[in-house]
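Colleague: Using only what follows, build the 3D model:
(one chain, ligands or ions: 1)
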Amino acid sequence: MRRVIVIGGGVSGLAAARSLRGRAEVTVLEAGDRVGGKLRTTPLAGVPVDEGAESLMALRPEAVDLAEAVGLGGALRDPVPGPVTLWSRGALRALPAGHVMGVPPDPSALEGTGLLSEAGLARLRAEETLPVSPPPEGRDVSVAEYLGGRLGREAVDRLVEPLLGGVYAGDVDRLSLRSALGPVAALAGRGGSLLAALRDRPARPPRAVVRGVTGGTGRLPAAVARASGARILTGVTVTGLRRTGGVWRVTTPSGALAADAVVLAVPAHAAARLLAGPAPEAAEALGGVRHADTAVVALAFPPAVEALLPAGNGFLVPSVEGRAIKAATYLSRKWAWPDDGPRVVRASLGRAGGPDVLSLPDGELVAAALADLRAAAGPLPDPLATRVTRWPAGLPQYDTGHADRVARTRAAVAELPSLAVCGAAYEGVGVAACVASGLAAAARLP
Ligand SMILES: Cc1cc2nc3c(=O)[nH]c(=O)nc-3n(C[C@H](O)[C@H](O)[C@H](O)COP(=O)(O)OP(=O)(O)OC[C@H]3O[C@@H](n4cnc5c(N)ncnc54)[C@H](O)[C@@H]3O)c2cc1C
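Modeller: Coordinates of the predicted model:
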């Protein structure tokens, strides 16, 4: 059997490893002390709490299908329904249903919500009277440049930015409309009114946008690793990659391993370093991918806090509000944990180009998160336990030019048929997109 080394034991690499089962003798090399990457679940106040991703995107099937295939079908659950809430203009305000990444097809639905000023709402309504303006051909425009021109800057800052911030922790002035907001870009490309195009879209069957895993999403990589039958080596950082005489040499601090094929499933910054020798054009393109540093503060409260938390499953915060946190999720309510256990709220901090959150001590991050939660939600008791998780370079930024960087990477990697790349840096940061990229990487290998 051919020997394949998968570098990186996040969900992308593990999906690739499982897909290669029976076709190759697979070894996964993972730098961390466990597999899973951004899917990691550890106990807080005695209950399992996700440190990174807490849901699986379910609008596309790959993550849910994988969970079912590795025996976690019975553990999948829908979130308790609730509106998207924004902490904006001094209050928690529900975003009316039917929006597409914050863009409301019908501006009148925003009336009385206070989400936009009167001037902002009037500007949004005016979109339908603007001349036709599809995004320019041959130039990748930012979310703010295109949508600001059509919907007005206030709608971008107060409706679109917080939703995109929840996915990318990104900057609307730099995120690419095409790469970060594909469905909106496709409608915008038709020209005409974007709001009218959103209203004309075929209705989507009502189903949960995301699904959770009872006991935490960290169960997914562990189950995929088991199901892959691969040899999994943790605590092994790959420091070099080269190909000589048709064989790959994968260098680690404790020696080199040989392989017939390699799947590179590490973040863009790590992939850029490892590809510098075998695929310098890919290394150069991936080196241009910026990343956002983020931190997640988990707070476990006594059960009585449930009555004090506002309606909904949490809230998002537009960055123009100047708050420390960009989102808060009432995890125990969202996933209907048992009533008698601790109630866990997670706050996320950090955005691309924003203040440096990683160098702040844990105590300061917890205090900032708690102060913002209390300012938004009212008096809350002191937490029973807290935990801070830092994700340096945790989220790749799909800035303008992203599609070109990915195309250049893929073209350079295509020159080496026994090499495949996958992960969050390419065609989507969500878990489902990462699984899809892992499957595609495995399928590419001869
Ligand atoms: C805080 C946070 C919350 C998120 N929430 C959600 C969510 O709720 N839903 C959702 O769908 N998505 C979410 N995401 C995004 C999603 O979790 C990630 O994009 C996805 O898990 C990335 O998977 P990956 O396998 O591509 O990369 P990673 O998970 O980063 O895995 C790559 C692995 O490679 C290893 N590695 C790196 N360099 C080397 C090396 N040189 N040698 C060996 N190993 C190496 C790393 O240790 C890591 O384990 C979130 C992301 C973050 C940061």
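Colleague: Quantify the burial of the residue nearest to Ala324 when sequence neighbours are not counted by counting its neighbouring residues.
Modeller: Closest residue to Ala324 apart from its sequence neighbours, by C-beta to C-beta, 6 or more residues apart in numbering: Ala368 at 3.9 Å. In this view, the C-beta of every residue, glycine as well, is placed from N, C-alpha and C. Using other C-beta atoms under 10 Å, Ala368 has 19 other residues around it.
Colleague: Ok, His402 next?
Modeller: When neighbours are counted by other C-beta under 10 Å, His402 registers 25.
Colleague: right, and the secondary structure at the closest residue to it other than its chain neighbours would be what?
Modeller: Nearest non-adjacent residue to His402, counting by C-beta to C-beta, 6+ apart: Ser179, 4.0 Å away. Classification of Ser179 into helix, strand or coil gives helix, according to DSSP: H, G, I helix; E, B strand; the rest coil.
Colleague: For Ser179, give me its contacts.
Modeller: Asp140, Tyr398, His402, Ala403 (C-beta atoms under 8 Å, 6 or more residues apart in numbering).
Colleague: Val250 pairs with what?
Modeller: Leu241, Leu257 (DSSP bridges).
Colleague: Please report how far it lies from Val344.
Modeller: When distances are taken as C-beta to C-beta, to the nearest Å, Val250 and Val344 turn out to be 39 Å apart.
Colleague: which one of those two has more residues nearby?
Modeller: Using other C-beta under 10 Å as the criterion, Val250 and Val344 rank with Val344 on top: 29 against 22.
Colleague: sec struct for that one, please.
Modeller: Using three-state DSSP, the structure places Val344 in strand.
Colleague: care to break this structure down by domain?
Modeller: Structurally, the chain divides into domains by automatic domain parsing as follows: 2-77+214-289+398-444, 95-200, 291-396.
Colleague: Could you find the closest non-adjacent residue to Gly235?
Modeller: For Gly235, the closest residue by C-beta to C-beta, 6+ apart turns out to be Asp33, at 5.6 Å.
Colleague: how about the helices of the stretch 1-150 of the chain, start to end?
Modeller: Along the stretch 1-150 of the chain, counting by DSSP state H, counting those that start in this stretch, helices occupy 11-19, 62-69, 118-125, 143-151.
Colleague: Pick the most deeply packed of those.
Modeller: The densest packing among the helices of the stretch 1-150 of the chain, expressed as mean neighbour count by mean count of other C-beta atoms under 10 Å, is seen in helix 11-19 with a mean of 31.
Colleague: relative orientation of it and helix 62-69 in degrees?
Modeller: Helix 11-19 and helix 62-69 are oriented at 50 degrees to each other (axes from the mean of the first three to the mean of the last three C-alpha atoms, to 10 degrees).
Colleague: CA atoms only for helix 11-19 - export them in CSV, please.
Modeller: Below are the C-alpha coordinates for helix 11-19, written out as CSV (Å, rounded to 0.1, in the frame of the first residue of the first chain):
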residue,chain,number,x,y,z
VAL,A,11,-10.9,18.2,11.2
SER,A,12,-9.7,18.8,7.6
GLY,A,13,-6.7,16.4,7.9
LEU,A,14,-8.7,13.8,9.7
ALA,A,15,-11.5,13.9,7.1
ALA,A,16,-8.8,13.3,4.5
ALA,A,17,-7.3,10.5,6.6
ARG,A,18,-10.6,8.7,7.0
SER,A,19,-11.4,9.0,3.3
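Colleague: how far is stretch 215-225 from where the chain is centred?
Modeller: The offset between the C-alpha centroid of stretch 215-225 and the centroid of the whole chain comes to 17 Å, using C-alpha atoms, centre = their mean, to the nearest Å.
Colleague: what is the mean pLDDT for that stretch?
Modeller: The pLDDT scores in stretch 215-225 average 98.
Colleague: Report the beta-bridge partners for the residue nearest to Tyr168 when sequence neighbours are not counted.
Modeller: For Tyr168, ignoring the flanking residues on the chain, the nearest one in space by C-beta to C-beta, 6+ apart is Leu395 at 5.7 Å. With DSSP bridges applied, Leu395 shows beta-bridge pairing to Ala292.
Colleague: gap between Leu395 and Val357?
Modeller: Distance, Leu395 to Val357, by C-beta to C-beta: 13 Å.
Colleague: list residues touching both of those two?
Modeller: Counting by C-beta under 8 Å, 6+ apart, the common neighbours of Leu395 and Val357 are Thr294.
Colleague: counting contacts, what elements does whichever helix or strand Ser348 is part of pack onto?
Modeller: Take DSSP states H and E as the rule and Ser348 turns out to sit in strand 343-349. For strand 343-349, the helices and strands in contact under the criterion 3 or more C-beta pairs under 8 Å, 6 or more residues apart in numbering; DSSP states H and E are strand 47-50, strand 291-301, strand 325-330, helix 331-334, helix 362-377.
Colleague: Mind doing that once more with 6 Å?
Modeller: Contacts of strand 343-349 with other secondary structure elements, assessed using 3 or more C-beta pairs under 6 Å, 6 or more residues apart in numbering; DSSP states H and E, are made with strand 291-301, strand 325-330, helix 331-334.
Colleague: Could you spell out the sheet neighbours of it, each with its direction?
Modeller: Sheet pairing for strand 343-349, using DSSP bridges, gives strand 291-301 (antiparallel), strand 325-330 (antiparallel).
Colleague: Quickly note the distance from Thr234 to Ala225.
Modeller: Taken as C-beta to C-beta, the spacing of Thr234 relative to Ala225 amounts to 10 Å.
Colleague: So which of those two has more stuff around it?
Modeller: Ala225 (23 against 14).
Colleague: on that earlier part again, what would the helices and strands packed on strand 343-349 look like in JSON lines with distance to the ligand?
Modeller: Formatted as JSON lines, these follow (distance: least, C-beta to the nearest ligand atom, whole Å):
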{"stretch": "strand 291-301", "distance to the ligand": "5"}
{"stretch": "strand 325-330", "distance to the ligand": "9"}
{"stretch": "helix 331-334", "distance to the ligand": "11"}
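Colleague: what would the ones you listed look like in JSON lines with distance to Leu121, mean neighbour count and mean pLDDT?
Modeller: Output for those, formatted as JSON lines (distance: least, C-beta to C-beta, whole Å; neighbours: other C-beta atoms under 10 Å; pLDDT from 0 to 100):
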{"stretch": "strand 291-301", "distance to Leu121": "30", "mean neighbour count": "23", "mean pLDDT": "97"}
{"stretch": "strand 325-330", "distance to Leu121": "24", "mean neighbour count": "25", "mean pLDDT": "97"}
{"stretch": "helix 331-334", "distance to Leu121": "30", "mean neighbour count": "22", "mean pLDDT": "97"}
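Colleague: Tabulate the ones you listed in TSV, adding columns for distance to Ala268.
Modeller: Conversion of the helices and strands packed on strand 343-349 to TSV gives the following (distance: least, C-beta to C-beta, whole Å):
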stretch	distance to Ala268
strand 291-301	7
strand 325-330	22
helix 331-334	29
